[in-house]
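> sequence and predicted structure, then a few things I'm wondering about:
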Amino acid sequence: ILNVEQSPQSLHVQEGDSTNFTCSFPSSNFYALHWYRWETAKSPEALFVMTLNGDEKKKGRISATLNTKEGYSYLYIKGSQPEDSATYLCAFRNSGYALNFGKGTSLLVTP
Amino acid sequence: DGGITQSPKYLFRKEGQNVTLSCEQNLNHDAMYWYRQDPGQGLRLIYYSQIVNDFQKGDIAEGYSVSREKKESFPLTVTSAQKNPTAFYLCASSGDIFGNTIYFGEGSWLTVV
């Protein structure tokens, strides 16, 4: 099992604030880095799959960057809204077949 | 609608009984997976299947068994040999095993008393 660390564990922001989370993963044998959003009582939903060092991806107000050489990825949310409240998971894959998940960052956005 | 259906959503069983969790997908995906989540832990891989009639152990396969007789179905049996079966179980699928986006079901809660 490969160690994937996410920080912070939880975050509480006000509506309109911008925020970011970190995912750290082993930098050797990198294949892909996934981000998922998991709302309570729903299925985890894919946000991004990133494969190249320096990748930047954007989906609406959410964006992510990837640094495979140093083993980290950042997820940014611009102008947080209450509907952004969820747990954000990152998952790392090396040359094997399994995705290794972090424990997630739980985000609460209050009006 | 295309997606992954897990059943039942909640299941209670007595210790020592085997229990089977159902997972069906209509996404025409080749690869399917079972994950387990415990409080304070990340998702951990139990078993995965790349194609029909093939499956491989994940990180925590002991006490579990699976089958893949049809492309759309990947049931998980939690046997009495699983020492700590109470957990949340997630089924997932992807186009192939090589890093495509993974799609998840809504999960099944298993409580063993």
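That came through, no problem.
> tell me what B:Met32 is bridged to.
B:Ser49, B:Ser93 (DSSP bridges).
> tell me the contacts of it?
Contacts for B:Met32 (CB atoms under 8 Å, 6 or more residues apart in numbering or on different chains) come out as B:Cys23, B:Gln25, B:Tyr48, B:Ser49, B:Arg68, B:Phe74, B:Cys91, B:Ala92, B:Ser93. Any C-beta I mention is one placed from the backbone N, CA and C, and that applies to glycine too.
> may I see the residues you listed organised as JSON lines, with neighbour count added?
What follows is those, written out as JSON lines (neighbours: other CB atoms under 10 Å in any protein chain shown):
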{"residue": "B:Cys23", "neighbour count": "24"}
{"residue": "B:Gln25", "neighbour count": "22"}
{"residue": "B:Tyr48", "neighbour count": "26"}
{"residue": "B:Ser49", "neighbour count": "21"}
{"residue": "B:Arg68", "neighbour count": "19"}
{"residue": "B:Phe74", "neighbour count": "29"}
{"residue": "B:Cys91", "neighbour count": "27"}
{"residue": "B:Ala92", "neighbour count": "25"}
{"residue": "B:Ser93", "neighbour count": "27"}
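> which bits of chain B sit near chain A?
Within chain B, the residues that sit near chain A (CB under 8 Å from any CB of the partner chain) are B:4, B:35, B:40-45, B:48, B:50, B:56, B:58-59, B:90, B:97, B:99-107.
> now, those residues that are in strands?
In strands, judged by DSSP state E, the following of the residues of chain B next to chain A are found: B:Ile4, B:Tyr35, B:Arg44, B:Leu45, B:Tyr48, B:Gln50, B:Gln56, B:Leu90, B:Tyr103, B:Phe104.
> ok, now which ones touch the closest residue to B:Lys71 other than its chain neighbours?
Spatial nearest neighbour of B:Lys71, excluding adjacent residues (CB to CB, 6 or more residues apart in numbering or on different chains): B:Val52 at 5.3 Å. With contacts defined as CB under 8 Å, 6+ apart, the neighbours of B:Val52 are B:Arg68, B:Glu69, B:Lys70, B:Lys71.
> quick revisit: and the residues of chain B next to chain A, which are buried?
By the neighbour-count criterion of 16 or more other CB atoms under 10 Å in any protein chain shown, the residues of chain B next to chain A include these buried positions: B:4, B:35, B:42-45, B:48, B:50, B:58, B:90, B:97, B:99-100, B:102-107.
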